[in-house]
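Novice: I'll drop the sequence and a predicted model, then ask my questions.
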Amino acid sequence: MARSKRAEKLTESEIEAIVLAAIPLRKAIQQCFISLRPFNETYSLLNDHVNSLDAVLGKITGRSIDYRGRDLGLLPRRDV
């Protein structure tokens with residue numbers, strides 16, 4: 001869906017879709033850390049990418065990341 005203006009805001013459903021796609025990506029990148037020695041070049045590069053991803057997710061959701069939560073505290077709670 002193309003945007004007519006750059007200043008248009010993302011809809012809640014678009015934000016949710018981005019977060020739902022980004023969480024498994026973030027988890028997969030962090031799984032790669034297991035086989036790497038800390039502070040080597042690849043480790044640092046992956047860590048920088050995770051930090052950048054976290055910053056983008058925080059910016060588009062307007063929330064701070066809660067690393068304890070399954071969805072990083074970025075998705076609205078759904079009362080069932």
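Specialist: Structure received. Since we're looking at a predicted model, the values are computed, not measured.
Novice: Could you use CA atoms for every contact and neighbour count after this?
Specialist: Fine.
Novice: How about residue 63: what's its closest non-neighbour residue?
Specialist: Nearest residue to residue 63 in three dimensions, chain neighbours excluded: residue 74, at 6.4 Å (CA to CA, 6 or more residues apart in numbering).
Novice: what's the distance between that neighbour and residue 28?
Specialist: Applying CA to CA, to the nearest Å, the value for residue 74 to residue 28 is 18 Å.
Novice: who has more neighbours, these two?
Specialist: Higher neighbour count among residue 74 and residue 28: residue 74, with 23 against 11, using other CA atoms under 10 Å.
Novice: Report the secondary structure state of the more buried one.
Specialist: Assigned with DSSP: H, G, I helix; E, B strand; the rest coil, residue 74 falls in the coil class.
Novice: That one: what's it in contact with?
Specialist: Taking CA atoms under 8 Å, 6 or more residues apart in numbering as the contact definition, residue 74 lies against 19, 57, 58, 61, 63, 64, 65, 66.
Novice: redo that, cut-off 7 Å
Specialist: For residue 74, the contact set (CA atoms under 7 Å, 6 or more residues apart in numbering) comprises 61, 63, 65.
Novice: Poorly predicted segments of this protein, please.
Specialist: Within the chain, the stretches with pLDDT under 70 are 1-7, 77-80.
Novice: Let me know the helix or strand that residue 56 is in.
Specialist: helix 41-61 (DSSP states H and E).
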